[in-house]
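# Fold the stuff below for me.
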Amino acid sequence: MSVIEKNWQTTRATVTERSKFMFDNDLLTDVKFVVPKAKGEGGSKQVISAHKLMLSISSPVFNEAMFYGELAETTDSIELPDCEYDSLLELFRYMYSDEVILSGRNVMGVLYLAAKYMVPSLADKCTEYLQDNLHSSNVLSILPSAQKYEEKNLVDQCSMQTEEAVKSDGFVTIERSLLEVVVKRSTLED
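Okay, the predicted model is just below:
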């Protein structure tokens, strides 16, 4: 448990500063999320404390389905086995501050959560990150997610690099369904 400074509200002039202070801080939390630390960690879990109000004002899923709707959770501890700690932490960072720290390691998990919890502005940031970091060596791993989340611009950008990707080492491990999509792309019809 962290030590909270007295009158912390008075030292932060804006709502944004106060919201950032509340992020990843046990002060006034009313819900906890239990998530796997990382894939392949053998059941290791971590807890993220949060504020229902902050999550609800950013996501209709948290608001209507999880916290305040007819099927709302009645416990203050929610297990989320389908995500990793780092990805959920970045989703919450964004919900508290409009900031996100994306990396090659977490961007797909954050994109998944942005889609799941209906936070389109975060999904856009993830897509932008993927577009900025797209190259032939990773296009075949990005394309399935781009299709799954219906990110048309990213799919198009991936398609432009498929010919080079076919020549890469990663091509030999491609899934059949993705291979069918790659073969059908007009960039390979020349």
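
# Which positions in the helix or strand that residue 123 is a member of come out as buried?
Under the criterion of DSSP states H and E, residue 123 resides in helix 120-132. Across helix 120-132, burial judged by 16 or more other C-beta atoms under 10 Å covers 122, 123, 125, 126, 127, 129, 130, 131. C-beta here means a position set from N, CA and C on the backbone, and glycine is covered the same way.

# And the most centrally placed residue in the chain, how far from residue 15?
Centroid-nearest residue in the chain: residue 110, 1.2 Å away (criterion: C-alpha atoms, centre = their mean). When distance is defined by C-beta to C-beta, to the nearest Å, residue 110 is 24 Å away from residue 15.

# Over to residue 47?
26 Å.

# ok, the two, which is more surrounded?
Using other C-beta atoms under 10 Å, the more surrounded residue of residue 47 and residue 15 is residue 47, with 11 against 8.

# Okay, and the beta partners of that one?
Beta bridges link residue 47 to residue 34 when assigned by DSSP bridges.

# my guess is it meets residue 36, correct?
No. Between residue 47 and residue 36 there is no contact under C-beta atoms under 8 Å: 11.5 Å.

# what about the helices in the protein?
15-22, 52-56, 60, 85-97, 107-116, 120-132, 139-148, 152-160, 162-166, 176-184 (DSSP state H).

# Now tabulate these in TSV and tack on distance to residue 9 and mean pLDDT.
Output for these, formatted as TSV (distance: least, C-beta to C-beta, whole Å; pLDDT from 0 to 100):
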stretch	distance to residue 9	mean pLDDT
helix 15-22	6	93
helix 52-56	15	96
helix 60	28	96
helix 85-97	15	97
helix 107-116	29	96
helix 120-132	27	96
helix 139-148	40	87
helix 152-160	41	88
helix 162-166	52	72
helix 176-184	51	61
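
# could you dump the ones you listed to TSV with distance to residue 29?
Formatted as TSV, those follow (distance: least, C-beta to C-beta, whole Å):
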stretch	distance to residue 29
helix 15-22	9
helix 52-56	9
helix 60	21
helix 85-97	11
helix 107-116	19
helix 120-132	21
helix 139-148	31
helix 152-160	35
helix 162-166	44
helix 176-184	41
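
# Could you export stretch 34-46 as CSV, CA atoms only?
This file holds the C-alpha atoms of stretch 34-46, laid out as CSV (Å, rounded to 0.1, in the frame of the first residue of the first chain):
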residue,chain,number,x,y,z
VAL,A,34,-7.0,-10.1,-11.1
VAL,A,35,-5.0,-10.9,-14.2
PRO,A,36,-2.3,-13.2,-15.4
LYS,A,37,1.1,-11.5,-15.0
ALA,A,38,2.2,-12.6,-18.5
LYS,A,39,1.6,-15.5,-20.9
GLY,A,40,3.5,-18.6,-19.9
GLU,A,41,4.0,-17.5,-16.3
GLY,A,42,2.5,-20.7,-15.0
GLY,A,43,-0.5,-19.2,-13.2
SER,A,44,1.2,-16.2,-11.7
LYS,A,45,-1.4,-13.4,-11.2
GLN,A,46,-1.3,-9.7,-10.3
